[in-house]
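Q: 3D, please:
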Amino acid sequence: MFLFLKLILAHLIADFILQFEELYQLKVRSFLGQLAHVLIHGVVSLALLYPYLNEPVIWIFVTGIVLVHLTQDLLKYSFTQKTPANTFVYFMTDQLCHVLVLSAIFLLPISREIRGFQDSTLLDMLYRTNFWTLGAIFFITLTFAGSYVLNAFTKSFLKGRSPLFLISSPEIAHAILERSLMAWILLSGGPFFTLLLIPCVGVLRLPFKRLRDWTAFLLSFDYALLITLLFQKIL
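A: Next up, the predicted model:
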């Protein structure tokens, strides 16, 4: 499970945090954007598997997942362009396939090894403790990834929204704060009435005309609730 979680984290970082608005638009327009995206994915994967880079099998495995990732993305965008109404189905299927491909690491004997950083106690603790990896996975899934999930959902089920609804830079930046606050309230374990603070979080949208969208707020809340309850069971 150790290496699998590192690969999942690398995937989330490359697919969502480092897929900024300009790169996303370049991906939609050209193969160059797709190639840049998967190369970033490969670099991030190697960075998070640093203690294992003396093993040729790791380089081969990362090369393999990069090539498969590229193929999947090309197929996803091809299908999405033909039938935009199925964007959400294609997006979620694509993410599930990415996870299944990464799970192939369990087939390698090295997946049972837990390595770390002998020269840094802090870095070694952060790297070797699954809690911190799961925490990072939770945060990215809650915030950055959530914006793309909801964007795909909107394209399939809500009409009249812009193609970049919820994934423009200002909206993603706000989502990080908004859904993090929601998750903190849900996880705080306080009295039931503390849940009333969640609507108050939506007030933070009011000073910003572009963010003053209550449909977006409700989507954000529903997603935050779902992901928080799911990870609460895991963490």
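Q: can we go C-alpha only for contacts and neighbour counts from here?
A: Fine.
Q: Give me the three-state assignment for Gly160.
A: coil (DSSP: H, G, I helix; E, B strand; the rest coil).
Q: Report how many residues lie close to it.
A: Gly160 is flanked by 8 other residues according to other C-alpha atoms under 10 Å.
Q: And it, how far from Thr154?
A: 9 Å (C-alpha to C-alpha, to the nearest Å).
Q: any low-confidence regions in this structure?
A: Using pLDDT under 70 as the threshold, the predicted model of the chain has low-confidence ranges 21-26, 28, 192-193, 235.
Q: Which other helices and strands does the lengthiest helix in the chain contact?
A: In the chain, taking DSSP state H as the definition, the longest helix is helix 56-82. Counting contacts by 3 or more C-alpha pairs under 8 Å, 6 or more residues apart in numbering; DSSP states H and E, helix 56-82 is packed against helix 31-48, helix 87-102.
Q: quick one: buried residues of the shortest one?
A: By neighbour count, with 16 or more other C-alpha atoms under 10 Å as the criterion, the buried positions of helix 87-102 are Thr87, Phe88, Tyr90, Phe91, Asp94, Gln95, His98, Leu102.
Q: Let me know the closest of these to Ile60.
A: For those, the closest approach to Ile60 (C-alpha to C-alpha) belongs to Leu102, at 13.0 Å.
Q: Please name the residues that touch the closest one.
A: Shown in contact with Leu102 (C-alpha atoms under 8 Å, 6 or more residues apart in numbering): Phe4, Leu7, Ile8, Ile65.
Q: where's the closest residue to Phe165 other than its chain neighbours relative to Ile172, distance?
A: Excluding the flanking residues, the one nearest Phe165 by C-alpha to C-alpha, 6 or more residues apart in numbering is Asn151, at 6.0 Å. As for Asn151, its distance to Ile172 is 11 Å (criterion: C-alpha to C-alpha).
Q: intersection of neighbour lists for these two?
A: The overlap between the contact sets of Asn151 and Ile172 (C-alpha under 8 Å, 6+ apart) consists of Leu166.
Q: So Ile176 sits against Phe144, correct?
A: Yes: at 7.0 Å, Ile176 counts as touching Phe144 under the criterion of C-alpha atoms under 8 Å.
Q: who has more neighbours, these two?
A: More neighbours sit around Phe144 than around the other of Ile176 and Phe144, counting by other C-alpha under 10 Å; the figures are 24 against 17.
Q: That one touches Glu178, doesn't it?
A: No: the pair formed by Phe144 and Glu178 falls short of the contact definition of C-alpha under 8 Å, at 11.5 Å.
Q: tell me the contacts of Met1?
A: Taking C-alpha under 8 Å, 6+ apart as the criterion, Met1 is in contact with Phe106, Ser111, Arg112.
Q: now Ile40
A: With contacts defined as C-alpha under 8 Å, 6+ apart, Ile40 is in contact with Ala14, Leu18.
Q: Adding distance to Arg128 as columns, could you present the helices and strands packed on helix 56-82 in TSV?
A: Putting the helices and strands packed on helix 56-82 into TSV (distance: least, C-alpha to C-alpha, whole Å) gives the following:
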stretch	distance to Arg128
helix 31-48	11
helix 87-102	19
